[in-house]
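J.: pasted the sequence and its predicted model underneath.
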Amino acid sequence: MSNLLDEHLKLKRLVETGVLIPGIYTGNVGNMKYTPLSQEEYLERIKSGYIQGLSYNTKTMGRGIFT
């Protein structure tokens, strides 16, 4: 799990500069829901290590997300 947290920590800088939009995904393959997070909510999750469902989006991705 720490390796996954390390990966999210690397992406944190891109969130802080506005390149990535953090969010949470829920659902199943074929029926996913993405809910954006504020930077404050995101930073609190990273700080606490609670990264379950954490995902990212960009302004140019449209409906795509990645985890």
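T.: Structure received. Note that the structure is predicted; figures quoted are calculated from it, not measured.
J.: contacts and neighbour counts: CA atoms only from here.
T.: OK.
J.: so residue 26 makes contact with residue 32?
T.: Yes: Residue 26 is in contact with residue 32 according to C-alpha atoms under 8 Å; the separation is 5.8 Å.
J.: those two: who's more crowded?
T.: For the pair residue 26 and residue 32, the greater number of neighbours falls to residue 26 (14 against 10), based on other C-alpha atoms under 10 Å.
J.: buried set for the longest helix along the chain?
T.: The longest helix of the chain (DSSP state H) is helix 2-16. Of the residues in helix 2-16, those buried by neighbour count under the rule 16 or more other C-alpha atoms under 10 Å are 8, 9, 12, 15.
J.: ok, so of those residues, who is nearest residue 50?
T.: Distance ranking of the buried residues of helix 2-16 against residue 50, using C-alpha to C-alpha, places residue 8 first at 10.7 Å.
J.: which residues are contacting the longest helix of the chain?
T.: Applying C-alpha atoms under 8 Å, 6 or more residues apart in numbering, the set of residues contacting helix 2-16 from outside is 20, 21, 22, 39, 46, 49, 51.
J.: center of the chain - which residue?
T.: Of all residues in the chain, the one closest to the mean position by C-alpha atoms, centre = their mean is residue 55, 3.0 Å from it.
J.: surely it and residue 24 touch.
T.: Yes: counting by C-alpha under 8 Å, a contact exists between residue 55 and residue 24, whose distance comes to 5.4 Å.
J.: re earlier: reformat the buried residues of helix 2-16 as CSV; add pLDDT and distance to residue 59.
T.: Formatted as CSV, the entries for the buried residues of helix 2-16 read as follows, by pLDDT from 0 to 100; distance: C-alpha to C-alpha, whole Å:
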residue, pLDDT, distance to residue 59
8, 83, 19
9, 84, 21
12, 90, 16
15, 92, 12
